[in-house]
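**Q** How does the following fold in three dimensions:
(chains A and B)
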Amino acid sequence: AQSVTQLGSHVSVSEGALVLLRCNYSSSVPPYLFWYVQYPNQGLQLLLKYTSAATLVKGINGFEAEFKKSETSFHLTKPSAHMSDAAEYFCAVSDGGFKTIFGAGTRLFVKA
Amino acid sequence: SQTIHQWPATLVQPVGSPLSLECTVEGTSNPNLYWYRQAAGRGLQLLFYSVGIGQISSEVPQNLSASRPQDRQFILSSKKLLLSDSGFYLCAWTLAAGNTEAFFGQGTRLTVV
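**A** Okay, here's the model as predicted:
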């Protein structure tokens, strides 16, 4: 069975500071991993995905994530936060089948 | 390009009333279709998915049902709503299996009163 754990339901950073959102996964097979972003009252939008190519994945809006098999982690980072990054972020895992398991989400607050 | 439409955006329904939420996809054929429910602090819960017309897989026993009468149409229904059915419902589609991106609708905020 697969699972995803996002550490921290809320993260607050200052504008211009590093953003780090943590995600750990559990999977019995090589996983496919995703980060999605959700703005208020909207659907989710893909930020980036890992599909066993490069371990460092670059996504939209300056975000990137690194797949670390030994740590079963897929943390999301951005060097410099912008006010427009304030949103909820979801980590997700799939074994390649029809079901994708989503984490509980991390709400990112950006302070001016 | 592909688009996904989900309606209504908001809905307030009394307990015991029926429910019908509709989702349609344009610009692609034979998508995999999904219904999720989102509760605050609990992420997305997969309710149903469908890999073809008339094929519905249920993930969570509950007061809801789903149907796929056409290739690109996915409907979420209930005969009698419960207070616990309140939440944010999201429709999504993928082109293939789980190694591909999911595209989400804008969601429906359902409040059962």
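**Q** Flag the shaky bits of the chain, pLDDT-wise.
**A** I went with chain A, as the question did not name one. Counting by pLDDT under 70, not a single residue of chain A qualifies.
**Q** Please refer instead to chain B.
**A** Across chain B (using pLDDT under 70), the flagged ranges come out as B:61, B:96-99.
**Q** helices and strands around whichever helix or strand B:I56 is part of, which ones?
**A** B:I56 belongs to strand B:55-58 when assigned by DSSP states H and E. When contacts are defined as 3 or more C-beta pairs under 8 Å, 6 or more residues apart in numbering or on different chains; DSSP states H and E, strand B:55-58 packs onto strand B:44-52, strand B:65-70. Yep, even glycine has a C-beta here, placed from its N, CA and C like the rest.
**Q** who touches B:Q6 in this structure?
**A** With contact taken as C-beta atoms under 8 Å, 6 or more residues apart in numbering or on different chains, B:Q6 is in contact with A:G43, B:L21, B:E22, B:C23, B:L90, B:C91, B:G105, B:Q106, B:G107, B:T108.
**Q** For the closest residue to the third one other than its chain neighbours, which residues are in contact?
**A** Once its chain neighbours are removed from consideration, B:E22 has its nearest residue in B:I75; the separation is 5.4 Å (C-beta to C-beta, 6 or more residues apart in numbering or on different chains). Neighbouring residues of B:I75 by C-beta under 8 Å, 6+ apart: B:S20, B:L21, B:E22, B:C23, B:A66, B:S67, B:R68, B:P69.
**Q** PyMOL command for the buried members of the residues you listed?
**A** In PyMOL syntax, the buried subset of the contacts of B:I75 is picked out as below (16 or more other C-beta atoms under 10 Å in any protein chain shown):
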select buried, chain B and resi 21+22+23+66+67+68
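**Q** What is the three-state secondary structure of the nearest residue to B:G52 once chain neighbours are set aside?
**A** Spatial nearest neighbour of B:G52, chain neighbours left out: B:N30 (6.8 Å); criterion: C-beta to C-beta, 6+ apart. Following DSSP: H, G, I helix; E, B strand; the rest coil, B:N30 is assigned to coil.
**Q** before we move on, back to that, now list the buried members of the contacts of B:Q6.
**A** A:G43, B:L21, B:E22, B:C23, B:L90, B:C91, B:G105, B:G107, B:T108.
**Q** Brilliant, that's me finished.
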